[in-house]
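>>> Below is the sequence, then the predicted model.
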Number of protein chains: 2
Amino acid sequence: METDTQQRLLDAAEALFAEQGFAETSLRAITARAQANLAAINYHFGSKDALVRAVFSRRLRPLSEERLSRLAALNAGGQPVAVEAVLDAFIEPSLRLRREGPHGEPFTRLLGRAQIEGSESLREFLRDCYAPVLEQFQRTLGRILPRLRPEELRWRLHFTLGVLSFTYAGARLPQVPFAVRVAGDEEWLLRQLIQFLAAGLRAPPLMERVETAV
Amino acid sequence: METDTQQRLLDAAEALFAEQGFAETSLRAITARAQANLAAINYHFGSKDALVRAVFSRRLRPLSEERLSRLAALNAGGQPVAVEAVLDAFIEPSLRLRREGPHGEPFTRLLGRAQIEGSESLREFLRDCYAPVLEQFQRTLGRILPRLRPEELRWRLHFTLGVLSFTYAGARLPQVPFAVRVAGDEEWLLRQLIQFLAAGLRAPPLMERVETAV
DNA sequence: ACCATAATCAAACAGACGTTTGAATGAAGC
DNA sequence: GCTTCATTCAAACGTCTGTTTGATTATGGT
């Protein structure tokens, strides 16, 4: 099977990128882990950059779809939508991806890293992937929190993404080793995230929104 | 003057690390920007890793001192301390560092990146730098928010660091270019950060703390 | 059986990397 | 004026990087 090698390369790259970073991971390390020939990456993907994008595409596409469908289900249901529900629609799919299968955790770690690390072209690529999803979530949150000016809402969305990226990237609190590791505690982590972020999003605006129409 | 070259090397490294990342920045790029010889880095600092640590040490030490003295001033004053004041004591010094001088912004960008990117040894080094500061802030916040279990407080501190790292690292919201750039808007950004984070920290606990003594 | 296409492989490519060397240069001590 | 020490410099070191090549093997179609 031809695609078998591709999958092994993607898995190996995903794991190594998450552990060491993009620049620090060599094609030789990837092919060694995947038990493939060095030339296999350039044969199947064309270049290292293209491999990086392929690693993201494989899992980001279904993730975005599920986030959007969850949000759509929320908006289609009974009118009043809670901030917590919107956050759950955004966060839970990624945390479930993390829980499912051995590849989930490396990928979410990777997802966090890529937001900060990564080349300019990769960030552009990710921006294009994320854009439609974030746009929808911003629209819904703007409707739920009408007192917030778009400017403030955008900052708070930015902060929200920061919390998620940082947490997914696995950065630990210095000197404070978590007794309870994340493995198996995704449910607890999800509720902590929602509790914290919902309160932040709902904080009173610094600058009250001027009503355009009464 | 001998130290002049060292300063130029530190400045150049700081700027380039912040722009491109650690692994992506070569010693040749640094020495070229600093108008120094390639061998100067190994002569003055010993190795690239040591240079990275020196870049952080130079600014992290006074930053930590100011954060701690601000916190001490809060605790020494009138008893009731607001969460907002604690956050201000932690955040404002770094934002002021950002505003002051041309080197401030690259360094804070760098500070954000290092939490996620960076080698294991660098993370250890940063952990040792941050540890005493975070310990004190955690202690004070634990006193202010007595309903929070230490476990939950640690998570919320983690989230707080995530927001700061992400914001400092300069990661932008996809597809949502900020009309108001950060330059000159540190005051506005500071208030937004405090507003968001204070609400998150003050959110009701998921698990009420069991009173050890009435 | 044969061909055509796809995949794998060992080997080599040129270039960039961090680091080291040994000579050249400069300024202070006496 | 001579010595001493710290600094700078050009050049080279060996190693690792991503990519390419051309031959070799396996696969599926007719």
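Good, I have the coordinates. Note that this is a predicted model, so its numbers are computed, not measured. Numbering: from 1, shown residues only, chains lettered A, B, ... in the order given.
>>> Name the residues of chain A found near DNA strand C, please.
Chain A comes close to DNA strand C at residues A:2, A:3, A:4, A:5, A:36, A:37, A:38, A:39, A:40, A:43, A:44, as judged by CB under 7 Å from any atom of the strand. Backbone N, C-alpha and C define where each C-beta goes, glycine included.
>>> any idea which of the residues you listed is closest to residue A:16?
Distance to residue A:16, by CB to CB, is smallest for residue A:36 among these, at 13.2 Å.
>>> excluding its backbone neighbours, what's nearest the closest one?
residue A:5 (5.4 Å; CB to CB, 6 or more residues apart in numbering or on different chains).
>>> Please tell me how far the one helix or strand the one you found maps to is from the chain's geometric centre.
Using DSSP states H and E, residue A:5 maps to helix A:2-20. From the chain centre to the centre of helix A:2-20 is a distance of 19 Å (CA atoms, centre = their mean, to the nearest Å).
>>> ok, that helix near DNA strand D or not?
No. Using CB under 7 Å from any atom of the strand, we find that helix A:2-20 stays clear of DNA strand D, coming within 8.3 Å at best.
>>> Tell me which other helices or strands the next helix or strand after that helix touches.
Following helix A:2-20 in sequence order, the next helix or strand is helix A:27-33 (DSSP H and E). Secondary-structure packing of helix A:27-33 (3 or more CB pairs under 8 Å, 6 or more residues apart in numbering or on different chains; DSSP states H and E): helix A:2-20, helix A:39-44.
>>> Name the residues that touch the longest one?
With CB atoms under 8 Å, 6 or more residues apart in numbering or on different chains as the test, helix A:2-20 has contacts from A:25, A:29-31, A:33-36, A:40-41, A:44-45, A:51-52, A:54-55, A:58, A:103, A:105-107, A:109-110, A:113.
>>> Give me the contact list for the helix or strand bottoming out on mean pLDDT in chain A.
Every helix and strand in chain A was compared by mean pLDDT, DSSP states H and E; the lowest is helix A:104-116, with a mean of 84. Applying CB under 8 Å, 6+ apart, the contact partners of helix A:104-116 are A:14-15, A:17-19, A:21-22, A:55-56, A:59-60, A:94-95, A:97-98, A:122-123, A:126, A:161, A:164-171, B:112-113, B:116-117, B:165-166, B:169, B:171.
>>> Show the average pLDDT along the next helix-or-strand element following it.
Using DSSP H and E, the helix or strand that directly follows helix A:104-116 along the chain is helix A:120-144. In this model, helix A:120-144 carries a mean pLDDT of 91.
>>> which other helices and strands contact helix A:120-144?
Contacts defined by 3+ CB pairs under 8 Å, 6+ apart place helix A:120-144 against helix A:48-76, helix A:83-99, helix A:104-116, helix A:150-169.
>>> between these, which gets the lowest average pLDDT?
Lowest mean pLDDT of those: helix A:104-116, a mean of 84.
>>> Please save the CA atoms from that helix in PDB.
Provided in PDB are the C-alpha atoms of helix A:104-116 (Å, rounded to 0.1, in the frame of the first residue of the first chain):
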ATOM      1  CA  GLY A 104      -4.200  13.000  19.700                       C
ATOM      2  CA  GLU A 105      -1.900  14.300  22.400                       C
ATOM      3  CA  PRO A 106       1.100  15.000  20.100                       C
ATOM      4  CA  PHE A 107      -1.100  16.800  17.700                       C
ATOM      5  CA  THR A 108      -2.700  19.100  20.200                       C
ATOM      6  CA  ARG A 109       0.700  19.800  21.700                       C
ATOM      7  CA  LEU A 110       1.700  20.700  18.200                       C
ATOM      8  CA  LEU A 111      -1.300  22.800  17.600                       C
ATOM      9  CA  GLY A 112      -0.300  24.900  20.600                       C
ATOM     10  CA  ARG A 113       3.300  25.300  19.500                       C
ATOM     11  CA  ALA A 114       2.500  26.200  15.900                       C
ATOM     12  CA  GLN A 115       0.600  29.400  17.000                       C
ATOM     13  CA  ILE A 116       3.800  30.900  18.300                       C
END
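>>> burial count for residue A:67?
By other CB atoms under 10 Å in any protein chain shown, 22 other residues sit near residue A:67.
>>> thought it was touching residue A:93?
Yes. Using CB atoms under 8 Å, residue A:67 is in contact with residue A:93, at 5.4 Å.
>>> I'd like the helices and strands packed on helix A:120-144 laid out as CSV, including distance to residue A:197.
Listed next are the helices and strands packed on helix A:120-144 as CSV, based on distance: least, CB to CB, whole Å:
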stretch, distance to residue A:197
helix A:48-76, 15
helix A:83-99, 6
helix A:104-116, 15
helix A:150-169, 5
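>>> Make CSV out of those helices and add distance to DNA strand D.
Converted to CSV, the helices and strands packed on helix A:120-144 look like this (distance: least, CB to the nearest atom of the strand, whole Å):
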stretch, distance to DNA strand D
helix A:48-76, 4
helix A:83-99, 26
helix A:104-116, 16
helix A:150-169, 21
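>>> and residue B:205, which of those is closest to it?
Distance to residue B:205, taken as CB to CB, is lowest for helix A:83-99 among these, at 15.3 Å.
>>> Show me what that closest one is packed up against.
Judged by 3+ CB pairs under 8 Å, 6+ apart, helix A:83-99 is in contact with helix A:48-76, helix A:104-116, helix A:120-144, helix A:150-169, helix A:186-202.
>>> For it, buried residues please.
A:83-95, A:97-98 (16 or more other CB atoms under 10 Å in any protein chain shown).
>>> thinking again about what came up before, narrow the contacts of helix A:2-20 to just the buried residues.
A:25, A:30-31, A:33-34, A:36, A:40-41, A:44-45, A:51-52, A:54-55, A:58, A:103, A:105-107, A:109-110, A:113.
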